[in-house]
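Peer 1: Kindly return the folded structure for what I paste below:
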Amino acid sequence: MNDVDIAIAVVTGKHAFDIPGFQQMFSSMSNMEFYLQDLENFVADVGKYNDKYDVILFYNFHQQTPVADERDGAIILNSINKLAENGQGIFLLHHAILAFPHWEIWSQIVGVADRRFGYHGNQTVQTDLMDDSHPITYGLKSWEMVDETYTMNEVRDDSHPLLVINHVNSMHTVGWTRHYGNGRVFCYQSGHDNQSFYNPNFRTVVFRGIQWLANRI
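Peer 2: Okay, here's the model as predicted:
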């Protein structure tokens, strides 16, 4: 087992959120180092550290499609391509699965081709296990929490569902794994605010998701 702390870039932008609550959740996780930054700083990589991250957790909501022949778009595209080549883990949390809605590359990472959506705040939902033998979900039981839900298309058949919600105002599969390039991908629809950030089951899923993406479990 690798005893070195897992290095995680937490990439944000274009969506407000409770920074202290979000950061407190990460601070509760042992043997991990989190680097909170916006997308612009991540792709600029001034410190030349991007290749050293084990996992990149996206919590951004950018809507404009990166254009390869424009400078900013080319930098974003190059950064995503490097993640795929390096085999670094990609974690798309909550509204990050809705980012870049018309960008085919992001849709491939998410595993949903048409990502048009509806959203519903403060929904009381029960999360159930579709696969209780996966390292991310092993030993967990169904739990209830209040969160923002999305109504949108289901994930493609080449995804592996882990967590589901049966609710009229929610997509069915809310936690799933995939592969993109040489790396692992974990998408988790939950995680709008402190009602989820402070939920112990939610934290466990995020913690183990990071571990799995870093090939530690």
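
Peer 1: pLDDT-wise, which helix or strand of the chain ranks last?
Peer 2: Counting by mean pLDDT, DSSP states H and E, the chain has its least confident helix or strand at helix 71-86, which shows a mean of 95.

Peer 1: contact partners of the helix or strand following that one?
Peer 2: Later in the chain than helix 71-86, the nearest helix or strand by DSSP states H and E is strand 89-93. Residues outside strand 89-93 that contact it (C-beta atoms under 8 Å, 6 or more residues apart in numbering): 54-59, 83, 99, 109-110, 180, 183-188, 191, 206, 209-210, 212-215. Placement of C-beta: from N, CA and C, glycine included.

Peer 1: Which among those count as buried?
Peer 2: Buried by 16 or more other C-beta atoms under 10 Å: 54-59, 83, 99, 109-110, 180, 183-188, 191, 206, 209-210, 212-214, out of the contacts of strand 89-93.

Peer 1: Now do the buried residues in the least confident helix or strand of the chain.
Peer 2: So for helix 71-86, counting by 16+ other C-beta under 10 Å, buried means Ile75, Ile76, Leu77, Ser79, Ile80, Leu83, Ala84.

Peer 1: quick revisit: filter the contacts of strand 89-93 down to the ones in helices?
Peer 2: Using DSSP state H, the members of the contacts of strand 89-93 that fall within helices are Leu83, Ile109, Val110, Val206, Gly209, Ile210, Trp212, Leu213.

Peer 1: The first one and Ala7: what is the separation?
Peer 2: Computed as C-beta to C-beta, to the nearest Å, the Leu83 to Ala7 distance reads 13 Å.

Peer 1: got it, and the fourth one?
Peer 2: Applying C-beta to C-beta, the value for Val206 to Ala7 is 16 Å.

Peer 1: Let's verify Asp157: helix, strand, or coil?
Peer 2: For Asp157, the assignment made with DSSP: H, G, I helix; E, B strand; the rest coil gives coil.

Peer 1: For it, grab the count of nearby residues.
Peer 2: Number of residues near Asp157 (other C-beta atoms under 10 Å) recorded here: 7.

Peer 1: do the one 4 residues further on as well
Peer 2: For Pro161, the neighbour count with other C-beta under 10 Å is 17.

Peer 1: now the one 4 residues further on
Peer 2: Using other C-beta under 10 Å, Ile165 has 20 neighbouring residues.

Peer 1: residue nearest the centroid of the protein?
Peer 2: Leu92 (1.8 Å; C-alpha atoms, centre = their mean).

Peer 1: Just list whatever residues bridge to that residue.
Peer 2: Phe58, Cys187 (DSSP bridges).

Peer 1: okay, it: pLDDT?
Peer 2: Listed pLDDT for Leu92 reads 99.

Peer 1: where's it relative to Leu140, distance?
Peer 2: 20 Å.

Peer 1: And for Val43?
Peer 2: 34 Å.

Peer 1: The chain: strands as residue ranges?
Peer 2: Taking DSSP state E as the criterion, the chain carries its strands at 6-13, 32-38, 55-60, 89-93, 117-129, 143-152, 160-165, 173-180, 183-188.

Peer 1: now the last one against helix 71-86, angle please.
Peer 2: So the one you mean is strand 183-188. 110 degrees (axes from the mean of the first three to the mean of the last three C-alpha atoms, to 10 degrees).
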